[in-house]
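Novice: Predicted model, plus sequence, below.
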There are 2 protein chains.
Amino acid sequence: MLTTKDKIITASIKNFLIWGYEKTSLSMIAEDIGIKKPSIYYYFRSKEDLFTTCINYIMDSLEKSLTDSIKNIKSSKQMLESIFTTLFEFNSNLSLLVGNSYDKPVNMLNLLHLGINRFCAVKERIDRYYDTLKNVFIKMIEIGKKDNKIRKDLDTNALALELIAWIEGLFALSTVYSSFNINTMRNSLYNNMWKTIAMPESQKNGFFKKKPFSKTISLGTKW
Amino acid sequence: MLTTKDKIITASIKNFLIWGYEKTSLSMIAEDIGIKKPSIYYYFRSKEDLFTTCINYIMDSLEKSLTDSIKNIKSSKQMLESIFTTLFEFNSNLSLLVGNSYDKPVNMLNLLHLGINRFCAVKERIDRYYDTLKNVFIKMIEIGKKDNKIRKDLDTNALALELIAWIEGLFALSTVYSSFNINTMRNSLYNNMWKTIAMPESQKNGFFKKKPFSKTISLGTKW
DNA sequence: GTCTATACGCAGATAGAC
DNA sequence: GTCTATCTGCGTATAGAC
């Protein structure tokens, strides 16, 4: 059984995701759950207070899912898959919350951005989330490099940020570009992503297998 | 010499980018250029009309820059670099317009998204822009594959969308994540991006050079 | 073309009854 | 805890003078 406070938070997240901060009115939220506008003020000091609570709620929950999802995973490929899946599932849950179909992701980045330029508490919470996410990716990349599964010629820090941007960009793009359905392409997107960062098959055991071959051509030869 | 209409459009783009659609008021725009609010209605029927004009203005200009930038370019690597540079420069120009420093990109995706859920004319224009952008990327990838510069094991359509998402995601991320400065990392981001899609050195002339070597090991061996 | 004056609605927020 | 009633301010938009 959800408390009134929980209902307000859920309805707020839904409306903020659909309409953004400004266009969401407290009356809309109240109407969604069958209460009157002033009742919201019993639980929250202001619209800003309500918004900040929603962002914290989302970020806490997403951060927990992420750290849980990679616990006890040792392989970098499984880690990437797990992060990928967690982010997709989280987005799908938000999609269902706002009443979208499975095929229409929500634009969370957009909501975050709306909050950042207005409230500094939101800005700090979001920075903390991305610090966490970046560290998860860095850990995955370092394990992959150590195990010869991920290419070593890619800058780790830049790659972590690029993978985050890549995934966030996919969600964002799918909300602005009608012909792009992220879910029907999900597998080929993930496969491409892994292929681009993975160590090429021919170099995986390069040191042991290739050395004799390398010696047969002169140093410095380009081929 | 800018006409009043041009000044209104420029000031509107600036304010829409900073504050979003709802929070931008016609008084703010008028004040920015030293006119009074009702004067705007001499040039535009409504706030929606003004917004739509701004989005069309931005999209037309960006589309033109993009198609111009890849004219007469034959190599895929140069094309990617050119697209990358054009998108960065365009974003920088918008940054300067809103009064941001060079280091603080604007979030155009965010603005587009705000418009899409409200006005269908905007939605159609944006779809058209992404169609164009996607075709530019597909052309680049096809040339690259033909010339053995880009890996052939990556799905072309998915890759085109991923590269768009990647770049858009980088801009978006840099506007929500304080510790990420897209400009200081620009070179390493681009290098990583090219490396991940480029044909590995060892396979570039694979057919001719590697065949003799391949024959020395048994078929089906994983290495 | 640009202005002053103004209509009208809805937003966030509060007072106080039950 | 939840409501009705109400305050105050700002938004878009229009009428009409100059």
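Specialist: Ah, there it is.
Novice: C-alpha from now on. contacts and neighbour counts both.
Specialist: OK.
Novice: For A:I35, what is the enclosing helix or strand?
Specialist: Assigned by DSSP states H and E, A:I35 belongs to neither a helix nor a strand.
Novice: Run through the helices of chain A in chain order.
Specialist: A:4-23, A:26-33, A:37-43, A:47-69, A:76-97, A:108-116, A:120-146, A:156-176, A:186-197, A:206-215 (DSSP state H).
Novice: Report the rounded mean pLDDT for stretch A:114-132.
Specialist: In this model, stretch A:114-132 has a mean pLDDT of 96.
Novice: now do stretch A:177-195
Specialist: The pLDDT scores in stretch A:177-195 average 94.
Novice: and A:M185, what is it in contact with?
Specialist: By Cα atoms under 8 Å, 6 or more residues apart in numbering or on different chains, A:M185 lies in contact with B:A158.
Novice: my bad, A:S27
Specialist: Taking Cα under 8 Å, 6+ apart, one finds A:36-37 in contact with A:S27.
Novice: Just give the number of residues close to A:L62.
Specialist: Neighbour count of A:L62, defined by other Cα atoms under 10 Å in any protein chain shown: 18.
Novice: which one is it nearest to, not counting chain neighbours?
Specialist: Distance criterion Cα to Cα, 6 or more residues apart in numbering or on different chains; nearest residue to A:L62, sequence neighbours excluded, is A:F90 at 7.0 Å.
Novice: So for that neighbour, what's the pLDDT?
Specialist: At A:F90, the model reports a pLDDT of 97.
Novice: next one: A:D103
Specialist: 84.
Novice: Which positions in chain A make contact with DNA strand C?
Specialist: Along chain A, the residues adjacent to DNA strand C under the rule Cα under 7 Å from any atom of the strand are A:22-27, A:37-38, A:41, A:45-48.
Novice: repeat that with 10 Å
Specialist: Near DNA strand C, the residues belonging to chain A are A:21-30, A:36-42, A:44-51 when assessed by Cα under 10 Å from any atom of the strand.
Novice: For ChimeraX, what selects the buried ones among the residues you listed?
Specialist: A single ChimeraX command selects the buried members of these (16 or more other Cα atoms under 10 Å in any protein chain shown):
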select /A:21,24,25,26,28,29,30,40,47,50,51
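Novice: Between the helices of chain A, which has the poorest mean confidence score?
Specialist: Among those, helix A:206-215 scores lowest, at a mean of 45.
Novice: residue contacts, the closest residue to A:K14 other than its chain neighbours?
Specialist: Counting by Cα to Cα, 6+ apart, A:V98 is the residue found nearest to A:K14 once chain neighbours are left out, at 4.7 Å. By Cα under 8 Å, 6+ apart, the residues touching A:V98 are A:14-15, A:17-18.
Novice: coming back round to it: the residue nearest to A:L62 is in contact with A:E63, isn't it?
Specialist: No. With contacts counted by Cα atoms under 8 Å, A:F90 stays clear of A:E63, the gap being 10.4 Å.
Novice: Let me see the contact set for the residue positioned nearest the centre of chain A.
Specialist: Most central in chain A under Cα atoms, centre = their mean is A:L87, positioned 4.6 Å from the mean C-alpha point. Contacts here follow Cα under 8 Å, 6+ apart; on that basis A:L87 touches A:L66.
Novice: before we move on, back to that, out of the residues of chain A next to DNA strand C, who's near DNA strand D?
Specialist: Among the residues of chain A next to DNA strand C, DNA strand D is touched by A:30, A:36-42 when using Cα under 10 Å from any atom of the strand.
Novice: mind checking how far A:P105 is from DNA strand D?
Specialist: With distances taken as Cα to the nearest atom of the strand, to the nearest Å, A:P105 is found 29 Å from DNA strand D.
Novice: To clarify, my last question referred to A:S202.
Specialist: For A:S202, the distance to DNA strand D - Cα to the nearest atom of the strand - is 60 Å.
Novice: now that residue: how far from B:M199?
Specialist: A:S202 sits 12 Å away from B:M199, going by Cα to Cα, to the nearest Å.
Novice: Between these two, tell me which one has more neighbours.
Specialist: Taking other Cα under 10 Å, A:S202 and B:M199 do not tie; B:M199 has more neighbours (20 against 14).
Novice: And that one, what's its pLDDT?
Specialist: Value for B:M199, per-residue pLDDT: 92.
Novice: what sits against it?
Specialist: B:M199 neighbours (Cα under 8 Å, 6+ apart): B:148-152.
Novice: Who are the contact partners of A:P200?
Specialist: So A:P200 contacts A:151, B:200 (Cα under 8 Å, 6+ apart).
Novice: Now do the phi/psi pair for it.
Specialist: When read as degrees, to the nearest 10, the backbone of A:P200 gives phi -60, psi 140.
Novice: and the closest residue in space to A:E48 that isn't next to it in sequence, how far is that from B:M108?
Specialist: Leaving aside its sequence neighbours, A:E48 sits nearest to A:F119 (Cα to Cα, 6+ apart; 7.9 Å). Per Cα to Cα, A:F119 is found 20 Å from B:M108.
Novice: More neighbours: these two, which one.
Specialist: Set A:F119 next to B:M108 and count neighbours by other Cα under 10 Å: B:M108 wins out with 18 against 14.
Novice: list the contacts for the closest residue to that one other than its chain neighbours?
Specialist: Nearest non-adjacent residue to B:M108, counting by Cα to Cα, 6+ apart: B:L17, 6.9 Å away. When contacts are counted by Cα under 8 Å, 6+ apart, B:L17 touches B:98, B:106-108, B:111.
Novice: can we see that at 10 Å?
Specialist: For B:L17, the contact set (Cα atoms under 10 Å, 6 or more residues apart in numbering or on different chains) comprises B:11, B:24, B:94-95, B:97-98, B:106-112.
Novice: Farthest pair within those residues?
Specialist: B:A11 and B:L109 (18.6 Å; Cα to Cα).
Novice: residues from chain A in reach of DNA strand D?
Specialist: A:3-5, A:7-8, A:30-31, A:33-43.
Novice: at 6 Å what do you get?
Specialist: Listed as neighbours of DNA strand D in chain A under the rule Cα under 6 Å from any atom of the strand: A:4, A:35-36, A:38-39, A:42.
Novice: Quick check: the farthest pair among those?
Specialist: A:T4 and A:P38 (13.0 Å).
Novice: on that earlier part again, could you check how far the residue nearest to A:E48 is from A:L112?
Specialist: Counting by Cα to Cα, the gap from A:F119 to A:L112 is 10 Å.
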